[in-house]
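Engineer: When you get a sec, could you give me coordinates for this:
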Amino acid sequence: MFYTRPMSWIDEYVKSGTALDVTVTLSERLAPWPGQEVWQFSPLLRMDKGDVCNVSMYRVSCHAGTHVDSPWHFGMSPKTLEAIPLEQMITPARLLDLTHVQAAITKADLVGKIEGARAVLCKTTNSGTLESGAPFNTEFVYIAEDAAQYLVECGVRTVGVDYLSVEGFHAPEPVTHRALLGNDVFIVEGLDLTKAAPGDYLFVVLPLKVEGADGSPARAVLLS
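Structural biologist: This next block holds a predicted model:
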């Protein structure tokens, strides 16, 4: 006799196709940020070697793949990862189609589109490139300082982008990070928004709860 549990709200989202995974898969295909180690995945125990179970170990940067930044990442506050409140990780979000932007997302790209939003996710031409096996792209689309300041002015509490940084690679100073983290805005980087349409969602991003961490890989999902 099989026990069938009642369908939960998350079952309904998944079965109806309205739950979308926007996480990149951690693997050797991911190009690391220059100077950081690549993803390493090593076996410790293997059943085909006679062990009782399979156990593995991985070594990865806190800022690899889909990941989050804590304010301590750039020293804007002593708040590290375990202190980030859940309401910034499980939040209503507005996803913007910014695939027309060629370099920097500016304030002009956001005006009239984010008012009232608690979280803003930026879909650009970056999406889908992290897992393509291509080398790191130093010319990725990023958030300009004036756009970051406008996000803060509008009361946005969480910002997500689809490459490894909200900051331009060639920026002489981390002005975008400072504008956001300095105002306690939660940053999510490395999303894959390829299949996500613009609109309003419930955004769920859950990093590892690591004491003292400046960031962590995370699983990110959109619910509509």
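Engineer: For this structure, give me the ranges with low pLDDT.
Structural biologist: Within the chain, the ranges that satisfy pLDDT under 70 run 1-17.
Engineer: which residues of it fall in strands?
Structural biologist: 19-21, 40-45, 55-59, 67-69, 90-97, 104-105, 119-123, 142-143, 158-160, 186-189, 199-207, 215-223 (DSSP state E).
Engineer: In a markdown table, list the ones you listed along with distance to Q149 and mean neighbour count.
Structural biologist: All C-beta spots, glycine's among them, are computed from the backbone N, C-alpha and C. Output for these, formatted as a markdown table (distance: least, CB to CB, whole Å; neighbours: other CB atoms under 10 Å):
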| stretch | distance to Q149 | mean neighbour count |
| --- | --- | --- |
| strand 19-21 | 30 | 17 |
| strand 40-45 | 38 | 10 |
| strand 55-59 | 37 | 10 |
| strand 67-69 | 17 | 27 |
| strand 90-97 | 17 | 19 |
| strand 104-105 | 12 | 20 |
| strand 119-123 | 13 | 26 |
| strand 142-143 | 10 | 28 |
| strand 158-160 | 12 | 26 |
| strand 186-189 | 15 | 24 |
| strand 199-207 | 22 | 19 |
| strand 215-223 | 22 | 21 |
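Engineer: closest one to G168 among the ones you listed?
Structural biologist: Checking the strands of the chain against G168 by CB to CB gives strand 142-143 as the closest, at 4.3 Å.
Engineer: Check which helices and strands the closest one is in contact with.
Structural biologist: Judged by 3 or more CB pairs under 8 Å, 6 or more residues apart in numbering; DSSP states H and E, strand 142-143 is in contact with strand 104-105.
Engineer: 10 Å instead?
Structural biologist: Applying 3 or more CB pairs under 10 Å, 6 or more residues apart in numbering; DSSP states H and E, we find strand 142-143 packed against strand 104-105, strand 119-123, helix 145-153, helix 175-181.
Engineer: Show me which positions of the third one end up buried.
Structural biologist: Okay, so that is helix 145-153. Residues 145-152 are the ones in helix 145-153 that count as buried (16 or more other CB atoms under 10 Å).
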